[in-house]
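S.K.: what's the 3D shape of this:
(3 chains)
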Amino acid sequence: MPTQLLEIQGLNSLAFAMLLFLLAAGFSLIYGVGRIANLAHGTFYMLGAYVGYTVAQRTGNFWLSLVVAPLLGGALGWLVERVLLRRLRGRELDQVLLTVGLAFILADVIRAIWGADIRSSSPPAALSGLVSLFGVQYPAYQLFVICLGAVVFVAMQLVLRSPIGARLRAVTSDPQVAASLGVPTDSVAALTFAASVALAAFGGAVGGPIIALAPGLDLTMMLLALVVVVVGGLGSVAGALVGAIIVAVVNGFGTLLYPEYAPFLIFALMVVVLGFRPQGLLGRRG
Amino acid sequence: MSPTRRDFIKAGIAAGGLSLLPQAFPARAAAKDALKIGVILPSSGVYAELGDQIGKGMRLYFDEVHNKAGGREIVIINENESSDPSVAVSKATKLIQSDKVDLLAGIVATPSAYAIRDLVTDAQVPLIIANAGGNALTRARKSPYIFRTSFTAWQFANPLGTWTATKFSKQVFMIAADYAYGRESAAGFKDAFTAAGGKVIDEVYPPLGSPDFSSYIAKIAAAKPEVLFGFLAGSDGTIFLRQFQQFGLSRSIKLAVIGDMVEENTLAAIGNAAEGAHSSLHWALLMKNPENERFVQDYQTAFGVEPSVYSMRGFDTARVIVEAVNKVDGDTSNKKKVIEAFESVRFASPRGPFEFDPVTHNVIQDVYLREVVLTATGDHNKVVSDLGRIRDPG
Amino acid sequence: MASTVTRRIIIVALVVLAALAPALLHGYALYLATEVVLYAIAAVALDLLVGYAGLVSLGQAAFFGLGAYAAAIVSAHAGPNIALTLAAGFALAALFAAITAPLTLRSAGIFFLMITLAFAQLVWATADKWHAVSGGSDGLTVTKLPMSDTAFYLLAVGLLLAVIVVLQRLLRSPAGLALEAVRENETRARASGLAAFWYKYWAFVLAGGITGLAGVLHAHHRNFVSLADVDWTNSVVLLVMVLLGGVRSLWGGVIGATVFVLLQAWISSKTDKWEMFAIGVVLIAIVLFTRRGLWSLVTRNA
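M.R.: Model prediction:
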């Protein structure tokens, strides 16, 4: 393969990887901290994408959409946790079932509000051109996504290692002890879920200019998120990044070199990883 | 004591059982001689947009004729085709057996059409297909009861292939969605293109629903073709065209694609990413004929947006039904006469003269070469030339 | 507990209703009833896995789809023979279960959920790419069975009852009791000498094969097979049916399938835009307002 093609494909995979990371990070967070497998995660992502699209369209300000979408997502997440999930503490399978119901509900609501037309966001004017990089021309917006993904990753690691993160981990490992130590377990749970939904919505708003908004986006993204966290490790944010990179590389280079087998490859990857390391590459058992 | 799951279940079964009763003993429908048309269009999933626009086009025509055909009042029963062909079978079964429709219309996705082909043929209920374009539906799998008002993949691809080789460029890179319709379009194009002296540099077939086309774009960029032939459906087309523009290829590579890929609904989503694209289709928004100008204006007044080719397909489907039912004076019981009535339907459509091929039951129509141009109201398709009156070989 | 007598009455009532159905219902209503029964078969199989083996699988669509494709392919080559297609569907699904189980059963809890999903997606991807055999995204038409709708319905009911009877017998046998012991506390079970793996294995293979039977019936019922039959959302729907109905008894699968299929049909006859919304609301209502937690059955082993 000629070097230019290799470079471009490398950047492509990195951009797609960051898109996947922004998608999967929130899912990993809430599973790692709250043991909740949120099957409505893809739907929240889709909501963020649609909200981002509308805000950018109405106000002409793309950056505003990157603020509004996560705020809305966070508020919705907080509400869902307080009103619904809280009642199912400790009942993990019922929680999963609840998120499935939420996914169904939210998907129809989104369709009712935005209709079935396929929509596409444009990147902000500042990022809609090409940039010369390592001898190739590459779209500015994709480069922005790469940088943004890295920033979010670093920020999340910092938070998780901070005192706030310690509280999160205390609540997960033993809520009763954490409560007796004065950790406000209820608020922590609500805030964590809110943060994970906010992340999903943020991911959707950022991904908007690269993907198309249409009914069914939630299912596509949910499946991708599952593949990423399974490969990288359930419950680990670093795992989400590693998983995202591996999936993007396999998908991208696989498509280029073995196009007939593209859909096969990422699921085969999932099976192989699960076979040898069920907890994923960076995950921890139990 | 809070209700146990068992109580809920008992209530649920009772409700479910009670709800079955009306199905078993359907209530007497509106007027005794109403013309019941079962319309199966997707209202969920990736083709929901198309279903919505086809439905609007149909409504527009039925309203124009005051919802009457052959002296009978038209009653529409809508069902969701979804993206699962076996759901289409289920809905068609319900419409035929429970609602006792006189006719079926709609169907966006080709697999759904294949799925219900035997059902409608055995039940002797005419099916007027508004969209599904798989070749076999009016070739190997044709049925006396199935009429198609839309197109076959071949009808759009073949003339495009000839035109591209003779009038555009002899060097083409091909990209088409990896499913039956995409492959049929590619094959139809390639046959005509190479027969007219063209050379295909390379072909790629992305799977349906790919979330990312950057690797394909990288491959296309590396090959540096003059022209790109394409057929990608729905969101795939939208993502691809956006990325095509983002990577700067829209400036150096010309597009010669199947019209559905750059139709009005897609142009509305991607702005000027497809400006200048040439495509083949049986209609264009800016076509200048009295029928089309009236249609576009009426649609805009009724729905506040410009029609797309899907709206036009719905409009014509409704007209075909009304014309045929008028011909038999509303008597849909004599199946042979009904089929003959459909076969002889002929009128001036917004797309030009409309008629059916009595052998295949597929529409015979003009196919146009169009170009995406910037107008006062945004990017739209205008007709550049007429590629001829095209009849699918069957 | 009075509920045992109530349960017996309900079960007998259901069976009688089911047998009488063809006399009361025809056309579309009978069609729906058949649909309920065939999904009930798949739900009962999943119920076996979730409720008795403690294995929550999100990959049942693979077995369902394999059964359906087997039916289509066998019908095309050897003619529409229900005995043959049922056998082929069971065999193919059970074979897939048998081959993948050694890998799948190494995981537990949510990891098991994920790996079953992964394998199901592999089946999907294969069906998508292998046009020649599966018809790809175009799907396959299934030759119509030389059987009336009533006969087909009664066959499905018979199969459902047979499956339930056989499974109940098995569950009361030493093997079945061993399975429950494994589910309750795998470590203790192993300590007392039970080959835990083999009990989970037979449950998994059996459940896979039975789900394949449901897939065969589905293929003959709709006379069409497509990628949608192996879609992961089917696995979600089956799990929802089982959890709705209650995992404690195999009849939970029947109940869950009945409620779900009828609810979906009823809602979609009223509106084509709020189907999933309504189902979501019902789902959340049932989860929130009924008391029993189900995961406790499973987490003891995870």
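
S.K.: Where does the stretch 251-394 of chain B get nearest to chain C, which residue?
M.R.: As assessed by Cβ to the nearest Cβ, chain C sits closest to B:Gly314 within the stretch 251-394 of chain B, at 15.9 Å. Where you see a C-beta, it was placed from the backbone N, CA and C, and this is true even at glycine.

S.K.: neighbours of that residue, just the number please.
M.R.: Using other Cβ atoms under 10 Å in any protein chain shown, B:Gly314 has 33 neighbouring residues.

S.K.: The helix or strand where it lies vs chain A: in contact?
M.R.: Element membership of B:Gly314 [criterion: DSSP states H and E] is helix B:309-327. No. Using Cβ under 8 Å from any Cβ of the partner chain, helix B:309-327 never reaches chain A; the gap is at least 11.1 Å.

S.K.: Give me the residues contacting the helix or strand just after that helix.
M.R.: Downstream of helix B:309-327, the first helix or strand assigned by DSSP H and E is helix B:335-343. In this structure, residues lying in contact with helix B:335-343 by Cβ atoms under 8 Å, 6 or more residues apart in numbering or on different chains are B:124, B:126, B:128, B:144-145, B:147, B:320, B:324-325, B:327-328, B:331-332, B:356, B:358, B:361.

S.K.: Off-centre distance for the helix holding B:Gly314?
M.R.: The chain centre lies 13 Å from the centre of helix B:309-327; the measure is Cα atoms, centre = their mean, to the nearest Å.

S.K.: rewinding a little: please indicate which of the contacts of helix B:335-343 are buried?
M.R.: Buried by 16 or more other Cβ atoms under 10 Å in any protein chain shown: B:126, B:128, B:145, B:147, B:320, B:324-325, B:327-328, B:332, B:356, B:361, out of the contacts of helix B:335-343.

S.K.: of all the residues you listed, which comes closest to A:Thr54?
M.R.: A:Thr54 lies nearest to B:Ile128 out of those, by Cβ to Cβ, at 37.0 Å.

S.K.: The closest one: what secondary structure?
M.R.: strand (DSSP: H, G, I helix; E, B strand; the rest coil).

S.K.: Quickly note the distance from it to B:Ile74.
M.R.: Plainly put, B:Ile128 is 13 Å away from B:Ile74 if you go by Cβ to Cβ, to the nearest Å.

S.K.: quick one: the residue of the stretch 51-200 of chain B found nearest chain A from B:Val101, how far?
M.R.: Chain A sits closest to B:Asp52 of the stretch 51-200 of chain B, with a gap of 5.3 Å, by Cβ to the nearest Cβ. Going from B:Asp52 to B:Val101 by Cβ to Cβ gives 21 Å.

S.K.: State the number of residues packed around whatever residue of the stretch 1-150 of chain B ends up closest to chain A.
M.R.: Across the stretch 1-150 of chain B, the shortest distance to chain A (Cβ to the nearest Cβ) belongs to B:Ala48, at 3.3 Å. When counting by other Cβ under 10 Å, one arrives at 27 neighbours for B:Ala48.

S.K.: Just to check, it is in contact with A:Ile118?
M.R.: No. Counting by Cβ atoms under 8 Å, A:Ile118 is not a contact partner of B:Ala48; they are 9.2 Å apart.

S.K.: overlap in contacts of those two?
M.R.: What both B:Ala48 and A:Ile118 touch, as defined by Cβ under 8 Å, 6+ apart, is the set A:Ala214.

S.K.: Please save the CA atoms from stretch A:10-28 in CSV.
M.R.: These are the backbone C-alpha positions of stretch A:10-28, laid out as CSV (Å, rounded to 0.1, in the frame of the first residue of the first chain):
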residue,chain,number,x,y,z
GLY,A,10,-4.1,5.8,9.8
LEU,A,11,-5.7,9.2,10.4
ASN,A,12,-9.1,7.9,9.4
SER,A,13,-8.8,5.1,11.9
LEU,A,14,-7.7,7.6,14.6
ALA,A,15,-10.6,9.9,13.9
PHE,A,16,-13.1,7.1,13.9
ALA,A,17,-11.5,5.7,17.1
MET,A,18,-12.0,9.0,18.9
LEU,A,19,-15.6,9.1,17.7
LEU,A,20,-16.0,5.6,19.1
PHE,A,21,-14.2,6.6,22.3
LEU,A,22,-16.5,9.5,22.9
LEU,A,23,-19.4,7.1,22.3
ALA,A,24,-18.2,4.4,24.6
ALA,A,25,-16.6,6.3,27.4
GLY,A,26,-19.9,7.1,29.1
PHE,A,27,-21.0,3.5,28.9
SER,A,28,-17.8,2.3,30.5
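
S.K.: So is that stretch next to chain B?
M.R.: Yes. Using Cβ under 8 Å from any Cβ, we find that stretch A:10-28 touches chain B at A:12, A:15-16, A:19.

S.K.: Turn those into CSV, columns for distance to chain C, pLDDT and secondary structure.
M.R.: Output for the residues of stretch A:10-28 next to chain B, formatted as CSV (distance: Cβ to the nearest Cβ, whole Å; pLDDT from 0 to 100; DSSP: H, G, I helix; E, B strand; the rest coil):
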residue, distance to chain C, pLDDT, secondary structure
A:Asn12, 21, 91, helix
A:Ala15, 24, 93, helix
A:Phe16, 19, 93, helix
A:Leu19, 20, 93, helix
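
S.K.: Many thanks, I have nothing further to ask.
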